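> A structural model of the following input is requested.
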Amino acid sequence: MSGCKKKEKFPVAKDVVLLHQLDRGIFTPSISPFPLKLETYMRMAGISYENDFKNPMGPKGKTPWMTFNGKDYCDSELCLELLASKFQKDFSSHLTAEERAIARSFQIMTEEHLDCSLAMGLHQRENLVGRSDEFADGIAFGDAAGGASAQGMGRHNKDDVIEMGRKDLRAISDYLGTKPYFTGEKPTEMDCAMFGCLAQLVWSMQGSPYEEQMKG
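So this is what the prediction gives:
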């Protein structure tokens, strides 16, 4: 997917990704799961990249997006798939069709359902970005609330949302079990996505309703 517009130009070498994302957080490299997913994948795949923190939001109001060999691409999952094809770095190639289906289902549940419930629970922006300003408010709270309402999660009361999140976490925990990675002995793209979301919960949401469950 292309057509993103950069506010500034950042020249990079051929086959080097320019990753447009939010400023670094205090406790996690990104306060959004999706830049963290994509950056984790590129580190795992050994793909050279540079960060642009000045233009984090794409034309659809989402982060991250990337510039690669003169073209702009949006959506972390589409960016990941493009890079996997370009650099032949498919870490899920050893999985069976059934294992791929299960991994995709858990990833979608985490990114589309659990993340929404977590975003509604963000309550200490200083924990996320180390500052209190209009930009941080808009990214971490205003946009999250609007997105949650459109998705449907934001129309429920707080207790129901928390319980939904807890059910997702129990399912994730049951699926992971004692495995070193979600699909077995080797990390896959799914692990990058799960890390992006769960890192926010573990390190950036102190005092959240999920803290006791995560430590249990």
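> mind listing the strands for this protein?
17-20, 49-52, 65-68, 71-74 (DSSP state E).
> ok, longest helix in this structure?
helix 158-176 (DSSP state H).
> what's the mean pLDDT across that helix?
Per-residue pLDDT over helix 158-176 has a mean of 91.
> quick revisit: what's the most buried one of the strands of the chain?
strand 65-68 (a mean of 26; mean count of other CB atoms under 10 Å). For every residue, glycine as well, the C-beta is placed using N, CA and C.
> Q213: neighbouring residues, count only.
14 (other CB atoms under 10 Å).
> lowest average confidence, helix or strand, in the protein?
Lowest on mean pLDDT, DSSP states H and E among the helices and strands of the chain sits helix 134-137, with a mean of 42.
> elements contacting the longest helix of the chain?
Judged by 3 or more CB pairs under 8 Å, 6 or more residues apart in numbering; DSSP states H and E, helix 158-176 is in contact with helix 97-108, helix 115-120, helix 211-215.
> measure H20 to D72 for me?
Going from H20 to D72 by CB to CB, to the nearest Å gives 9 Å.
> how about D160?
39 Å.
> I47 too?
Going from I47 to D72 by CB to CB gives 17 Å.
> cool, and S30?
19 Å.
> L176 now?
Distance from L176 to D72, by CB to CB: 35 Å.
> among the strands of the chain, which is nearest P35?
Nearest of those to P35, taken as CB to CB: strand 17-20 at 7.0 Å.
> format the CA atom coordinates belonging to that closest one as PDB.
Provided in PDB are the C-alpha atoms of strand 17-20 (Å, rounded to 0.1, in the frame of the first residue of the first chain):
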ATOM      1  CA  VAL A  17      14.000   1.200   5.600                       C
ATOM      2  CA  LEU A  18      13.000   4.600   6.900                       C
ATOM      3  CA  LEU A  19      10.600   3.900   9.800                       C
ATOM      4  CA  HIS A  20       8.300   6.700  10.700                       C
END
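> and it, what does it pack onto?
Using 3+ CB pairs under 8 Å, 6+ apart: strand 17-20 touches helix 33-45, strand 49-52, strand 65-68.
> quick one: average confidence on the second one?
In other words, strand 49-52. Mean per-residue pLDDT for strand 49-52: 97.
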